[in-house]
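Participant: sequence-free structure coming up:
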């Protein structure tokens, strides 16, 4: 499939129509989705109508937006008025969005075409896309493997060439880890860079909207469209949005790249090799490699599971059959009503709500929740100090490449460790991008990750752009 | 950190969720492994740490009178059942 930038150019110039592009995308989805299960719903009629509107706009001589005619998939936790948004959960199986999220508003204003909602782990809790009520997503590179998660459908849709752009959300790596597993680019901007208005909450201090594309330049363009202050989201940052692609440089002279000490310990050899090769390539491109210490970063994963589960136990309290979600109309009293109405949550969601509730009990609050919050402060301080010395950090995206479906079902803790390198970005509020860099011995994609400080997305985009260019 | 089945059942109850005996046993084992891992945090000295990212402003926000009812009818179409402008739910008390 053409890239988003190529499509926008072709549609704006009249070389292709938005309708042609949309029909090509829909045909690809019809062909591949039965085996990959990346989409849980395709907005076929809607997408074609929308594409015709874009074409009509051009016919009237009006200037088209930056994403003219670009087909986009949205994760099933992002609201688009009049369309279902279920978080791939039975709890919300009949929920229809009554308003449109800011990110979708911005995509539509840029003349993009929303073609459907992408599969995900239930309520974005998972890293394999196996907890979806619609069934697992298969990795397009190897159908026996997971695509990663929780934005597995979004990553798979881009990797399979169904769409050039997909939106995901990233609370602990849910955009970057599936991007790495599927061999596409995934960016999670810094906390507050993109509005979360109309995005169903999981853990409010970590949730961010992220972008999945086939190349870095497309990610840069979509970020330009989506970033910025939103009056509907008080956590969004009021800062100018650069034209990211204009800041791309030819080579990386002057860029200081930090290599965190100890990050290669215990890594799979293939990933270690790719990371070392990436570092060597960055040096060839003119970057200066600097060893940095972030000693508390190794504690990010346990902090992440306590803090996000605690926040989820609060955020998901709204699914009680009265405010939102399934209602158990057979219940005989109020407690039975609540318990019956919350029964449709899947096993992983229930488990995280139990973890979060337990960590917030008066007996465990200080020892678990408060402790995790304090260690989080130390981790943030670690990264702050590191970015006083370097511009970006280079890390693995994940400790492994994609693994077989069901492989870790009996040992969920090992799955939690899979977020080790990505959840540091959410706990630290950093900007992070995963870019494909070669393959392992089984032919599965390897992703490497760049971290940058908040509001410095241009640094990580430029580093990723240069690394990608050399491949 | 030892986690008992009773702990799991208590947390589930506080979260207004029902868990079966079998689920409680599975969760108990998984939570025990998780909290053992979380206990590694106790090795970190946090005595001098002050929390900076706690939102102290939320409770200071003034109440906002909501006067735009133009979308009320549209939003009410999402109700399964309605009475006098309110969503109707099953009587439970």
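Facilitator: The structure has been received and is ready for your questions. Just so you know, these numbers come straight off a predicted model, no measurement behind them.
Participant: any weak-confidence spans in the chain?
Facilitator: In the absence of a named chain, chain A is used. Applying pLDDT under 70 to chain A flags residues A:471.
Participant: you answered for a different chain; I wanted chain B.
Facilitator: B:53-64, B:92-93.
Participant: sec struct for the residue nearest to residue A:341 when sequence neighbours are not counted, please.
Facilitator: Of all residues not flanking residue A:341 in the chain, residue A:321 sits nearest, at 2.8 Å (CB to CB, 6 or more residues apart in numbering or on different chains). The C-beta positions use only the backbone N, C-alpha and C, and glycine is treated the same way. Under DSSP: H, G, I helix; E, B strand; the rest coil, residue A:321 falls in the coil class.
Participant: what about residue A:321, how many residues nearby?
Facilitator: Residue neighbour count, defined by other CB atoms under 10 Å in any protein chain shown, stands at 24 for residue A:321.
Participant: then the one 10 residues further on?
Facilitator: Residue A:331 sits with 17 neighbouring residues when counted by other CB under 10 Å.
Participant: for it, what are its contacts?
Facilitator: Shown in contact with residue A:331 (CB atoms under 8 Å, 6 or more residues apart in numbering or on different chains): A:337, A:339, A:340, A:341, B:90, B:92.
Participant: same thing but at 6 Å, please
Facilitator: Residues near residue A:331 by CB atoms under 6 Å, 6 or more residues apart in numbering or on different chains: A:337, A:340.
Participant: over to residue A:432?
Facilitator: A:176, A:188, A:425, A:449, A:451.
Participant: next one: the nearest residue to residue B:37 once chain neighbours are set aside relative to residue A:417, how far apart?
Facilitator: Closest residue to residue B:37 apart from its sequence neighbours, by CB to CB, 6+ apart: residue A:302 at 5.4 Å. Applying CB to CB, to the nearest Å, the value for residue A:302 to residue A:417 is 10 Å.
Participant: neighbour count: these two, which is higher?
Facilitator: Shown here are residue A:302 and residue A:417; by other CB under 10 Å, residue A:302 has more neighbours (24 against 17).
Participant: from what I see, that one and residue B:38 are in contact.
Facilitator: Yes: counting by CB atoms under 6 Å, residue B:38 is a contact partner of residue A:302 at 4.6 Å.
Participant: count the residues that sit near the nearest residue to residue B:81 once chain neighbours are set aside.
Facilitator: Spatial nearest neighbour of residue B:81, excluding adjacent residues (CB to CB, 6+ apart): residue B:88 at 4.1 Å. For residue B:88, the neighbour count with other CB under 10 Å is 11.
Participant: with residue A:261 instead?
Facilitator: Applying other CB under 10 Å, I find that residue A:261 has 12 neighbouring residues.
Participant: how about the contacts made by it?
Facilitator: A:291, A:293.
Participant: backbone dihedrals for residue A:142, please?
Facilitator: phi -150, psi 110 (degrees, to the nearest 10).
Participant: can you get me a residue count around it?
Facilitator: 17.
Participant: so who does the residue nearest the centre of chain A touch?
Facilitator: Against the mean C-alpha coordinate of chain A, by CA atoms, centre = their mean, the closest residue is residue A:175 at 2.3 Å. Residues near residue A:175 by CB under 6 Å, 6+ apart: A:151, A:168, A:186, A:188, A:210.
Participant: which SS class is residue A:62?
Facilitator: coil.
Participant: for the one 10 residues further on, same thing?
Facilitator: What three-state DSSP gives for residue A:72 is strand.
Participant: what does residue A:448 give?
Facilitator: On the basis of three-state DSSP, residue A:448 is classed as strand.
Participant: ok, it - how many residues close by?
Facilitator: Residue A:448: 27 neighbours (other CB under 10 Å).
Participant: I'd say residue A:78 and residue A:101 touch.
Facilitator: Yes: with contact defined as CB under 6 Å, residue A:78 reaches residue A:101; the gap is 5.2 Å.
Participant: could you give the number of residues near the closest residue to chain B within the stretch 1-150 of chain A?
Facilitator: Closest to chain B within the stretch 1-150 of chain A is residue A:98: 5.3 Å, counting by CB to the nearest CB. Around residue A:98 sit 15 other residues, with neighbours defined as other CB under 10 Å.
Participant: do residue A:378 as well
Facilitator: Quick note: residue A:378 (other CB under 10 Å) scores 18 neighbours.
Participant: where's it, which helix or strand?
Facilitator: helix A:371-389 (DSSP states H and E).
Participant: and that helix, anywhere near chain B?
Facilitator: Yes: applying CB under 6 Å from any CB of the partner chain, one finds that helix A:371-389 is in contact with chain B at A:371, A:373, A:374, A:375, A:377.
Participant: isn't the first one right next to residue B:41, touching?
Facilitator: Spelled out, it's residue A:371. Yes: using CB under 6 Å, residue A:371 is in contact with residue B:41, at 5.1 Å.
Participant: residue 20: how many residues sit nearby?
Facilitator: You didn't pick a chain, so chain A it is. Neighbour tally, residue A:20, other CB under 10 Å: 16.
Participant: wait, chain B was what I had in mind.
Facilitator: Going by other CB under 10 Å, the residues that sit close to residue B:20 add up to 8.
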